[in-house]
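# when you get a sec, could you give me coordinates for this:
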Amino acid sequence: MMNDVGVKHDRFEDQCVSVYENLSCLPSVKNVTLANDKEHGHLLHWELNYSERNLARKKNVNYKTYGTVNLKNNSVRRFPFNSESNEIITGYSQCGQMKAAVVQSVEQDDIKQYFEIWDNNSKVLTFDVRGEGTHGLVHSNPMFGCIEWSHDKTKILYIADNKPFKKDKQKCSWLDKRKGQGDDGDTAKSCCNDTARKDKYLYEDHWGEQIYNCREPTLCMIDLEKKEMVNLFEFMPPNISVAKAFWSRDDKYVTFTGYSADPWRLGLIYCRNRQSGIYALMLQNKALKTIVDTKDSIYSMIMTPDGSRIFYLQTQSLGPHAQCARLMSISVDHSRFQFGSPTVSYDYVRKPISKKDFQGIFLREALPTNCWLNNSTLIFHSQNRSHISLFLHDVDTGEIKTLETEGEWRLLAVHDNIIFATQSFPNVPQVFKIGTALQKVQGEWTVDWTNVEQYPENLQDIEWSLLHHRPTFENPKYNSVPFESVVVIPKNTANLKGLIVNPHGGPHGCFSTGYDLSSACFARLDYAVLRVNYRGSTGFGQDGIDSLIGKIGSQDVADVHQATLEAINKLNINPANVFVKGGSHGGFLALHLIAQYPAFYRAAVARNPVCNIVANAVASDIPDWSYSESGLPFSYGLKPEPESYTKMLKMSPVYIADAVKTPLMLMLGGSDKRVPYYQSIEFYRIVKSHNNKVRLLMYEGNDHRIAEIEAEADSFINSVLWFNENR
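Numbering: from 1, shown residues only. Got it, this is the predicted structure:
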């Protein structure tokens, strides 16, 4: 009998690995790059950049596919080849003739970068970034990075760290000889000076989780006529890390955004609440002008095609880390180097009247640089309750129209009336689409889409649906805020093993009706998945965000448990086989659920969970999160107060950890700067001290995401085995 059980267990393990291997190799679109054809003006070339988990090589691999759009008849052609790419950022001149690209290689944490300049198919210039010694790493992450060609094709703007690479891994301790005091008078053997020795262990502030290589991003420029790299740091505003830049219409000045690093840096990624501003630099005399100061959070700056107006998104600084944004506009007078006062193009939405109304601007990423149909009409995607929908905004009339609603849409670029986008559903992986926007009558647009690239994996054995919930946990101040859940379930439920409840992190995030790898894998393995967008999720107006402030650990927990009970009834799930899994704030909720309802959930998995809000206030790269979500004010010079820490502690799962009876697996990233793992070890020890079943997996070298290839696979497979073991 035991042998039969062992064989059955091995077969299920093999099935888990097989399902994961099959679905995890589906690529995801990163971005698209467009270029005009110099010889054939009616052709528009596109390069689609993909990222793929390469399980055999145990690394993420980037590659490109190529094609054209015939602008005469809007026909689309895809070329039958692709190429692997180690380009981290690229940019084409407006005519499409010139290309700039940064090529990067990493060997044992040693990063090498080369800045390449191409003229048609010929590489005409290469800069060794380290060898030049002008600045440090060229940045290409979601928060810092751009490549912008001047209109005359003689200069290129980009973002890099101010301090140059260290040319050698110098010891430079007090035990090494000072420069000029080498053995036998050989100065070549000595590399140290007093400053280098004194600063060997100096702490360097950085921008936190996943972008810790970003310390002092600044604006840089390549002068192609002089064939030199130029660091513009000395002309930048003090204590500002430059994020993105644009040329003026006449190439005489540049406009750029930057984040305040004063008095110290808060973690930046996933945080759309950091103080930032907009500036302009005249290149000839280096005159610097502040267009918008750093009072609010400013991001996603774009310019109209004619350069006459600047648009950007604005939210409250140091408030919730994701908020409903306000679209702002500034007029530009190029000839006089003058800028108008900011005006509201579209205000934030406080309380949508119904689910069919526009819910407000909620962007995960920045607006694409090329998002304009014309000088007054832009296209954008935004969280729309549990969908990510595609919208059109007339910046002159203020109207917003819905172009596409269901699924997860992502706008990549717009060229004239040609739209490049992706769409996915829980059972349809990402599809690359090219559409033609047609204006039937004034203000009314439709889009004729062509599916260009769709991977053949058939997931029609999986179904999905949306559940709409009316909250039972009362919040009198925000009594009209609803919430939703996305259900992913196998079509054949005869062998259904149970329900996995999966609240998102943030807490101001949102699960969309797009494709999700782990949910698809769970469904293939005969589990239903309930992805809960509790109150506080993005996409439900600003009231939805504000309703959760000061109520984490109670309102969000109640919403998730309510959604679970309603799903059990609606889907006819056996209540004896209900599990919970979450990461970050989703892990916080998983721990609260098994502590507040100790006899309900069969097993739990928490990935990098917030266990102790006080610990996060002390050690996280975003200490303001602990204060904001607890309903407390935050400032940079804040001192610890017993009342504040007591309130945080009582909201924390660790405060009721002794109530946990549910089998628990903790998964921790050893390099997590967002939710440092020490608090989870504290939770683990409390649970283990009460003789409860608990397991802890430590993924050394992984950040908050646990996204390295082997670690990510191990995390999923161990999760499903844990649930199967505890059924």
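# give me the phi and psi angles of the closest residue to Phe511 other than its chain neighbours.
Spatial nearest neighbour of Phe511, chain neighbours left out: Arg531 (4.0 Å); criterion: CB to CB, 6 or more residues apart in numbering. All C-beta spots, glycine's among them, are computed from the backbone N, C-alpha and C. When quoted as degrees, to the nearest 10, the phi and psi of Arg531 stand at phi -100, psi 110.
# give the contact list for Arg531.
Ser485, Val486, Val487, Val488, Asn502, Pro503, His504, Phe511, Asp516, Ser519 (CB atoms under 8 Å, 6 or more residues apart in numbering).
# and if you look at Ile222?
Ile222 is in contact with Ala100, Phe115, Ile117, Phe127, Lys155, Ile156, Tyr158, Glu228, Met229, Val230, counting by CB under 8 Å, 6+ apart.
# now swap in Leu34 and tell me
Leu34 makes contact with Leu44, His45, Trp46, Glu47, Tyr92, Asn370, Ala413, His415, Phe420, according to CB under 8 Å, 6+ apart.
# how about Gln284?
Lys252.
# now Tyr645
Residues near Tyr645 by CB under 8 Å, 6+ apart: Val614, Ala617.
# out of the contacts of Leu34, which sit inside helices?
When those are checked against helices (DSSP state H), there are no matches.
# inside strands: which ones of the residues you listed?
Mapping these onto strands (DSSP state E) picks out Leu44, His45, Trp46, Glu47, Tyr92, Ala413, His415, Phe420.
# please name the bridge partners of the residue nearest to Gly583 when sequence neighbours are not counted.
Spatial nearest neighbour of Gly583, chain neighbours left out: Arg607 (3.7 Å); criterion: CB to CB, 6+ apart. Note on Arg607: beta-bridge partners Gly583, Met667, judged by DSSP bridges.
# biggest strand in the chain by residues?
The chain, longest strand under DSSP E: strand 428-441.
# what's in contact with that strand?
Contacts for strand 428-441 (CB under 8 Å, 6+ apart): 26-29, 46, 48, 69, 74, 76, 373, 379, 407, 417-424, 445-455, 457, 459, 514-515.
# direction included, what does it pair up with?
strand 418-425 (antiparallel), strand 444-454 (antiparallel).
# okay, whatever helix or strand Met221 lives in in CSV with CA atoms only?
Assigned by DSSP states H and E, Met221 belongs to strand 217-223. Extracted C-alpha coordinates of strand 217-223, given in CSV (Å, rounded to 0.1, in the frame of the first residue of the first chain):
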residue,chain,number,x,y,z
PRO,A,217,21.0,58.6,-12.3
THR,A,218,21.8,61.6,-14.4
LEU,A,219,21.3,62.9,-17.9
CYS,A,220,24.0,62.1,-20.4
MET,A,221,24.5,62.7,-24.1
ILE,A,222,26.5,61.3,-27.0
ASP,A,223,27.8,64.0,-29.4
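# coming back round to it: didn't the residue nearest to Gly583 look like it was pressed against Gly587?
Yes - taking contacts as CB atoms under 8 Å, Arg607 lies within contact range of Gly587: 5.5 Å.
# tabulate the contacts of Leu34 (CSV), appending pLDDT, distance to Ala619 and neighbour count.
Below are those laid out as CSV (pLDDT from 0 to 100; distance: CB to CB, whole Å; neighbours: other CB atoms under 10 Å):
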residue, pLDDT, distance to Ala619, neighbour count
Leu44, 96, 50, 22
His45, 95, 48, 17
Trp46, 96, 45, 26
Glu47, 95, 42, 19
Tyr92, 94, 43, 20
Asn370, 95, 41, 17
Ala413, 98, 40, 19
His415, 96, 46, 19
Phe420, 98, 42, 26
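# what's the closest of the residues you listed to Lys355?
Of all the contacts of Leu34, Phe420 has the smallest distance to Lys355: 28.3 Å, by CB to CB.
# show me what contacts that closest one?
Here Phe420 is in contact with Val32, Leu34, Trp46, Leu411, Leu412, Ala413, Val414, Phe432, Lys433, Ile434 (CB under 8 Å, 6+ apart).
# which stretches of the stretch 1-150 of the chain form helices?
Listed in chain order, the helices of the stretch 1-150 of the chain (DSSP state H, counting those that start in this stretch) span 2-24, 129-132.
# try the chain
Taking DSSP H as the criterion, the chain carries its helices at 2-24, 129-132, 194-198, 517-524, 541-546, 555-571, 585-596, 613-619, 623-629, 642-651, 678-689, 709-725.
# got those as a markdown table, with mean pLDDT and distance to Met282 columns?
Shown next, in a markdown table, are these (pLDDT from 0 to 100; distance: least, CB to CB, whole Å):
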| stretch | mean pLDDT | distance to Met282 |
| --- | --- | --- |
| helix 2-24 | 83 | 50 |
| helix 129-132 | 95 | 25 |
| helix 194-198 | 81 | 34 |
| helix 517-524 | 98 | 48 |
| helix 541-546 | 98 | 38 |
| helix 555-571 | 98 | 49 |
| helix 585-596 | 98 | 45 |
| helix 613-619 | 98 | 43 |
| helix 623-629 | 98 | 35 |
| helix 642-651 | 98 | 46 |
| helix 678-689 | 98 | 49 |
| helix 709-725 | 98 | 47 |
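# closest to Gly670 out of those?
Nearest of the helices of the chain to Gly670, taken as CB to CB: helix 709-725 at 9.6 Å.
# list the buried residues for the closest one?
By neighbour count on 16 or more other CB atoms under 10 Å, the buried set for helix 709-725 is 709, 711-720, 722-724.
# over to stretch 72-80?
In stretch 72-80, counting by 16+ other CB under 10 Å, buried: Val76, Arg78.
# rewinding a little: export the strands paired with strand 428-441 to CSV and tack on distance to Arg272?
Below are those laid out as CSV (distance: least, CB to CB, whole Å):
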stretch, distance to Arg272
strand 418-425, 22
strand 444-454, 28
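# tell me the most buried of these?
Mean neighbours per residue, mean count of other CB atoms under 10 Å, is largest over the strands paired with strand 428-441 for strand 418-425, with a mean of 23.
# gap between that strand and the chain center?
18 Å (CA atoms, centre = their mean, to the nearest Å).
# now stretch 231-239
Offset of stretch 231-239 from its chain centre (CA atoms, centre = their mean): 27 Å.
# quote the end-to-end distance of it.
Taking CA to CA, to the nearest Å as the measure, stretch 231-239 stretches 16 Å from start to finish.
# please identify the buried residues of it?
Going by neighbour count (16+ other CB under 10 Å), the buried part of stretch 231-239 is Asn231, Leu232, Phe233, Met236, Pro237.
# then stretch 460-477?
Under the neighbour-count criterion of 16+ other CB under 10 Å, stretch 460-477 has Ile462, Glu463, Trp464, Leu467, His469, Pro471, Asn475 buried.
# per-residue pLDDT of the second one, please?
Spelled out, it's Glu463. Per-residue pLDDT puts Glu463 at 98.
# isn't it right next to Asn492, touching?
No - applying CB under 8 Å as the test, Glu463 and Asn492 come out as separate, 9.7 Å apart.
# what bridges to the nearest residue to Tyr515 once chain neighbours are set aside?
Spatially, and ignoring its direct neighbours in sequence, Tyr515 is nearest to Ser424 (4.0 Å; CB to CB, 6+ apart). For Ser424, the beta-bridge partners are Glu408 (DSSP bridges).
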